[in-house]
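> generate coordinates for the sequence data below:
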Amino acid sequence: MDIVIYHNPACGTSRNTLALIRNTGAEPRVIEYLQQPPSREELAGLIARAGLAVRDALRQKGAPYLELGLDNPALDDAALLDAMLAHPILINRPFVVTPLGVRLCRPSELVLDILPLPQLAPFTKEDGQRVVAHE
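Numbers count the residues shown, from 1 in each chain. Purely as a prediction, here's the structure:
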């Protein structure tokens, strides 16, 4: 079973999503996208398959979003993709690809909708929020 996560280990949401995937017993292919950014085609494909607009996949929190003027509504998808490829930190995360679909997993429990296997154990996020109760 092929599951891929575009992961940033410094992001709590990304860490929680990875842990939820592993809580099914599956070991995903982990792509640390800050070191291995997707190609333009891959990024555009992930966004489209997730049913998002390009702007919805753009991380607006922190630098360099404002510094680059990406809050300008006149910028088109091509310009936003160019910015995300030049500065991968602008790619919102984590994107997860499974045989059941693609999701931008914010919040992390959105991954549950596309995981082909059930959760094997209770799961609590890093912030203490229970996501999967004991069955």
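
> any idea how far the helix or strand that contains Leu18 is from the chain center?
Using DSSP states H and E, Leu18 sits within helix 12-22. Relative to its parent chain, helix 12-22 has a centroid offset of 10 Å by C-alpha atoms, centre = their mean, to the nearest Å.

> ditto for stretch 108-118
13 Å.

> next: stretch 89-104.
4 Å.

> so which bits of that stretch are buried?
By neighbour count with 16 or more other C-beta atoms under 10 Å, stretch 89-104 contains the buried residues 89-98, 102-104. Quick note: C-beta positions are derived from backbone N, CA and C, even for glycine.

> from what I see, Gly12 and Pro107 are in contact.
No. With contact defined as C-beta atoms under 8 Å, Gly12 does not reach Pro107; the gap is 10.4 Å.

> show me the buried residues of stretch 89-104 that map onto strands.
95-98, 102-104 (DSSP state E).

> how about the residues you listed, which pair is most distant?
Thr98 and Leu104 (13.2 Å; C-beta to C-beta).

> OK, contacts around the closest residue to Pro88 other than its chain neighbours?
Closest residue to Pro88 apart from its sequence neighbours, by C-beta to C-beta, 6 or more residues apart in numbering: Pro37 at 4.3 Å. Listed by C-beta atoms under 8 Å, 6 or more residues apart in numbering, the contact set of Pro37 reads 43, 85, 88, 91.
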